[in-house]
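Student: return atomic coordinates for the entry below.
(one chain, ligands or ions: 1)
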Amino acid sequence: MNRNVVYEKLERCLACVRRRTEFVPRVAIVLGSGLGDYAESIRVETEIPYAEIEGFPVSTVPGHAGRFVFGWVGAVPVVCMKGRVHFYEGYDVSDVVLPIRLMKLLGAEILFLTNAAGGINPSFHAGDLMLIRDHISVFAPNPLIGENLDALGTRFPDMSSVYDPALGEKIKEKAAENGISLQEGVYAKLTGPSYETPAEIRMLGRLGCDAVGMSTAVEAIAANHCGMRVCGVSCISNLAAGLSDAPLDHREVQEAADRSASRFRTLVTEAVQAFV
Ligand code: HPA
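Tutor: Presented below is the predicted three-dimensional model:
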């Protein structure tokens, strides 16, 4: 897709949302696999199913049924993505990051990414929450490939601090205040949809990765490109391949998310209010 097609689609989506709501969010929250229930804890102003936004990418994965939820976390106006699309579903990577750019154009200055991830760091357990300090995304296509969208950001954006350290500190503070133990680490993004082999996990561990997943990093890159402040938390749903005897199963994602749901809710709610 060339620049105009990508940007024009974004503008069409923006116009479509603006016909439905004038709500201006400050914080955008992407709810990862199994974590969509968080949307129930925000004071809802309005909801827009993705399928009702012309050209918007709609997920095919069970449990990812998608909609934007506009509302309030305390006094903070937010837009929540309940469900997202993944590159492995066959979308162009520009479509995978379209929702992020759209939330920026709707007014969001801060992006809070969440996901399910496999734990690589040997001290991690299923159900742990991990603050994303940095990522490795070289195994997946870069979402900025193609003609640069100058209206959004620069051709060669700096990525030396994708995850805003000040937002990370606030998340850590809120975790500590609420007695929530929080791991920290580097998230590796692979395309999926197959899980990794044990050899791939050993490789990622040697490269300094603490967790692995199939989302998030491309969204963080696109958000950084368009000037959003980014932070992220992974829910460790399983030990990565080869680190336990059990074969990997997508059902673990929901089970681990359910176990961490109350910690996750507290952490996101408290952190979002501390951001602004
Ligand atoms: N690998 C990749 N993605 C994942 C995993 C995993 O082990 N767990 C949840 N998402």
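Student: rest of the way, CA atoms for contacts and neighbours
Tutor: Noted.
Student: listing request: residues of this protein with sub-threshold pLDDT.
Tutor: By pLDDT under 70, the low-scoring segments of the chain are 1-3, 60-65.
Student: hey, where'd the helices end up in it?
Tutor: For the chain, applying DSSP state H gives helices covering 3-20, 93-106, 165-177, 198-206, 217-225, 251-275.
Student: and the angle from the last one to helix 165-177?
Tutor: Computed by axes from the mean of the first three to the mean of the last three CA atoms, to 10 degrees, the angle separating helix 251-275 from helix 165-177 equals 110 degrees.
Student: please begin residue numbering at 29 from this point
Tutor: Done: numbering now begins at 29, and the last item shifts to helix 279-303.
Student: among the helices of the chain, which is nearest the ligand?
Tutor: Proximity to the ligand (CA to the nearest ligand atom) singles out helix 279-303 among these, at 6.0 Å.
Student: so which elements touch the closest one?
Tutor: strand 95-101, helix 193-205, strand 257-267 (3 or more CA pairs under 8 Å, 6 or more residues apart in numbering; DSSP states H and E).
Student: sheet partners, orientation included, of the shortest one?
Tutor: Strand 95-101 has these partner strands in its sheet, going by DSSP bridges: strand 71-77 (antiparallel), strand 104-110 (antiparallel).
Student: may I see the helices of the chain organised as CSV, with distance to G64 added?
Tutor: CSV is the format used below for the helices of the chain (distance: least, CA to CA, whole Å):
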stretch, distance to G64
helix 31-48, 21
helix 121-134, 16
helix 193-205, 19
helix 226-234, 27
helix 245-253, 17
helix 279-303, 9
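Student: hmm, back to that, so which of the strands paired with strand 95-101 is the most surrounded?
Tutor: Here the criterion is mean neighbour count by mean count of other CA atoms under 10 Å, and of the strands paired with strand 95-101 the winner is strand 104-110, at a mean of 25.
Student: just the CA atoms of that one, as CSV, please.
Tutor: Listed next in CSV are the C-alpha coordinates belonging to strand 104-110 (Å, rounded to 0.1, in the frame of the first residue of the first chain):
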residue,chain,number,x,y,z
VAL,A,104,-9.2,10.3,32.9
PRO,A,105,-10.9,10.1,29.4
VAL,A,106,-9.7,6.9,27.8
VAL,A,107,-10.3,4.8,24.7
CYS,A,108,-10.0,1.1,25.2
MET,A,109,-9.4,-1.4,22.4
LYS,A,110,-11.2,-4.6,23.3
